[in-house]
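**Student:** Structure for this input, please:
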Amino acid sequence: MSGHVRPESRKQPKITMYCTPWCPDCRTCKRYMDERRLQYTEIDISKDKAAERKARELAGGKLVTPTIDIDGTIVLDFDRKRLDELLRSG
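**Tutor:** You can find the predicted model right below:
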């Protein structure tokens, strides 16, 4: 069957990206996600202090943007190699 997609490769991971509007790595990461047609939730930590605290918690007390939560696995900054590993379509 041509075009058959294995069911396990269709599952979209839950992605939350903690960003700021002025962060160049955040823009690069969003472009990376958009080019791969990945759905993600973007949270602007400059406007949401609770989200800023959460991002700090996920980054071990530091404020790193973007902080990306992929099904509970945290990626700090735009780490293309790590994102490729986690988001590989199988």
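
**Student:** Please enumerate the helices of this structure.
**Tutor:** Remark: helices assigned in the chain by DSSP state H are 7-10, 24-35, 49-58, 80-87.

**Student:** Tell me the buried residues in stretch 42-60?
**Tutor:** 43, 45, 51-52, 54-56, 58-59 (16 or more other CB atoms under 10 Å). For every residue, glycine as well, the C-beta is placed using N, CA and C.

**Student:** if you average pLDDT over it, what comes out?
**Tutor:** For stretch 42-60, mean pLDDT is 97.

**Student:** First-to-last residue distance for that stretch?
**Tutor:** End-to-end distance for stretch 42-60, by CA to CA, to the nearest Å: 20 Å.

**Student:** can you list the residues that contact it?
**Tutor:** 16-22, 30, 62-65, 67, 69, 74, 76 (CB atoms under 8 Å, 6 or more residues apart in numbering).

**Student:** what about 10 Å?
**Tutor:** By CB atoms under 10 Å, 6 or more residues apart in numbering, the residues outside stretch 42-60 that reach it are 15-23, 26, 29-30, 33, 62-69, 74-77.

**Student:** Could you pick out the buried ones from those?
**Tutor:** Among the contacts of stretch 42-60, the ones that count as buried by 16+ other CB under 10 Å are 15-20, 23, 26, 29-30, 33, 64-69, 74-76.
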